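Novice: Below is the structure, and that's it, no one-letter string:
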């Protein structure tokens with residue numbers, strides 16, 4: 001039971017760290033800070049890539065496309081809208097991956113279209 005509480009506290013600290021970094025990035029648009037944020041939020045790209053894995057496109061390719069979409073999401077994100085970055089980014093990542101894949105019956109990929117530039 002104690003270990004779960006510890007993870008929750010650690011998760012909150014990590015979330016606060018990401019929020020501070022994101023607020024600073026919104027002010028400065030520093031590329032180095034953006035790259036750190038991509039690393040911090042890469043779990044979102046991983047989560048979305050796993051959703052489309054096993055449909056005829058390599059997982060690593062999907063994750064790379066999702067990572068590029070994550071960079072685009074960070075560049076478009078506005079801190080003054082009052083929403084969490086993940087709330088903004090996940091639908092965008094899903095759209096980019098779904099728009100690039102034409103899925104046939106049974107979930108297999110029929111074609112891979114040119115992926116959207118976010």
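Specialist: Great, that's in hand. Note that the coordinates shown come from a computational prediction; the quantities given were computed from them, not determined experimentally. Numbering: from 1, shown residues only.
Novice: Just name the shakiest helix or strand of the protein by mean pLDDT.
Specialist: When each helix and strand of the chain is scored by mean pLDDT, DSSP states H and E, strand 109-112 comes last, with a mean of 54.
Novice: Quick one: residues contacting the residue nearest to residue 24 when sequence neighbours are not counted.
Specialist: Among residues not flanking residue 24 along the chain, residue 33 sits closest, at 6.2 Å (Cβ to Cβ, 6 or more residues apart in numbering). Placement of C-beta: from N, CA and C, glycine included. Contact analysis of residue 33 by Cβ atoms under 8 Å, 6 or more residues apart in numbering lists 21, 24, 25.
Novice: roughly how far apart are the last one and residue 73?
Specialist: Using Cβ to Cβ, to the nearest Å, one gets 12 Å for the distance from residue 25 to residue 73.
Novice: likewise the second one?
Specialist: Between residue 24 and residue 73 the computed distance is 17 Å (Cβ to Cβ).
Novice: circling back: report the buried members of the contacts of residue 33.
Specialist: 21, 25 (16 or more other Cβ atoms under 10 Å).
Novice: and the next element down the chain from the lengthiest helix in the chain?
Specialist: For the chain, the helix with the greatest residue count under DSSP state H is helix 2-28. The helix or strand immediately downstream of helix 2-28 is helix 31-52, counting by DSSP states H and E.
Novice: I'm done for today, thanks for sticking with me.
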